[in-house]
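*Asks:* Would you be able to build a 3D model of this:
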Amino acid sequence: MRLNVTKGCPEGGFEIAEFEIYNDDGSVPAPDNAKYYADKDAQQEGANLAEGRSVKVSSDLGGDWSKDHITDGNRHSNWSSALNKHRTADGVEWIRIDLGAEKEFNEVDLYPRGDGQHFPYNFRIEISDDGKDFTSVYECEVPELPSKGEPSLCKLDKTYKARYVRIYAYKLRDQKGFNDGHLFQLSEVEIYKR
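*Replies:* Coordinates of the predicted model:
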């Protein structure tokens, strides 16, 4: 077999990655080459837009409680704000997720740590195009600890388009019997267009 190229690209060249030959009666499926052309910033229908994205936080416990767990796709790993930073519930902690490019979304799901401890009493969801100036698009009050493993599904009033999403907790919760202060802890943040 020989592939005879009679005309290359206008700049004068020709490139090929692979040459495959089949004895095909119509039953051999065409190869799926989408991965070679996929735009990593393209928005996939129903995909978790936060997974694998870069995260900044107001404070971080690190180690097994690192901010890297917030968007790692694992609802069983955890992040925690720093210990003993807030002696009262009025402390502020935040998580900022960079979606990599402007994306459309209308739901932000917050998964508490396994037993629900240290989920904030009050938080809001904010959006930004530059990562500096934020606009609030959702307010939430959570008087009771969430049930074990139950997420807080924040369904927004409309579809928004932004690059940055920030979860801004402004009334924190402590855990009775522990001397860690008032914290903000989560296992995962997921962002969707539904």
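
*Asks:* what's the weakest-modelled helix or strand in the protein?
*Replies:* helix 34-37 (a mean of 59; mean pLDDT, DSSP states H and E).

*Asks:* The next helix or strand after that one - what's its average pLDDT?
*Replies:* Using DSSP states H and E, the helix or strand that follows helix 34-37 in sequence is strand 54-57. Mean pLDDT, strand 54-57: 97.

*Asks:* Over to stretch 166-174?
*Replies:* Averaging pLDDT along stretch 166-174 yields 96.

*Asks:* distance of the residue minimising distance to the centre of the chain from residue 170?
*Replies:* Centroid-nearest residue in the chain: residue 50, 1.7 Å away (criterion: Cα atoms, centre = their mean). Going from residue 50 to residue 170 by Cβ to Cβ, to the nearest Å gives 21 Å. Where you see a C-beta, it was placed from the backbone N, CA and C, and this is true even at glycine.

*Asks:* returning to what we had before: against residue 80, how distant is the residue nearest to the centre of the chain?
*Replies:* Counting by Cβ to Cβ, the gap from residue 50 to residue 80 is 18 Å.

*Asks:* picking that back up, residues touching the residue nearest to the centre of the chain, list them.
*Replies:* 70, 71, 97, 99, 165, 189, 190, 191 (Cβ atoms under 8 Å, 6 or more residues apart in numbering).

*Asks:* now, which of these lie within strands?
*Replies:* In this view, the contacts of residue 50 that belong to strands under DSSP state E are 97, 99, 165, 189, 190, 191.

*Asks:* thinking again about what came up before, and the residue nearest to the centre of the chain, what are its phi and psi?
*Replies:* phi -90, psi -20 (degrees, to the nearest 10).

*Asks:* May I have the beta-bridge partners of the closest residue to it other than its chain neighbours?
*Replies:* Distances taken as Cβ to Cβ, 6 or more residues apart in numbering place residue 191 nearest to residue 50, at 4.3 Å, with adjacent residues excluded. Taking DSSP bridges as the rule, residue 191 bridges to residue 108.

*Asks:* Of the contacts of residue 50, which pair is most distant in space?
*Replies:* 70 and 99 (13.2 Å; Cβ to Cβ).

*Asks:* Looking at these two, which one has more neighbours?
*Replies:* Comparing residue 70 with residue 99 by other Cβ atoms under 10 Å, the one with more neighbours is residue 70, at 26 against 19.

*Asks:* ok, now which ones touch the more buried one?
*Replies:* Counted by Cβ under 8 Å, 6+ apart, residue 70 has contacts 50, 55, 57, 79, 95, 97, 186, 188, 189.

*Asks:* Please report the distance of it from residue 165.
*Replies:* In terms of Cβ to Cβ, residue 70 sits 11 Å off from residue 165.

*Asks:* Give the intersection of the neighbour lists for these two.
*Replies:* Contacts common to residue 70 and residue 165, judged by Cβ under 8 Å, 6+ apart, are 50, 97, 189.
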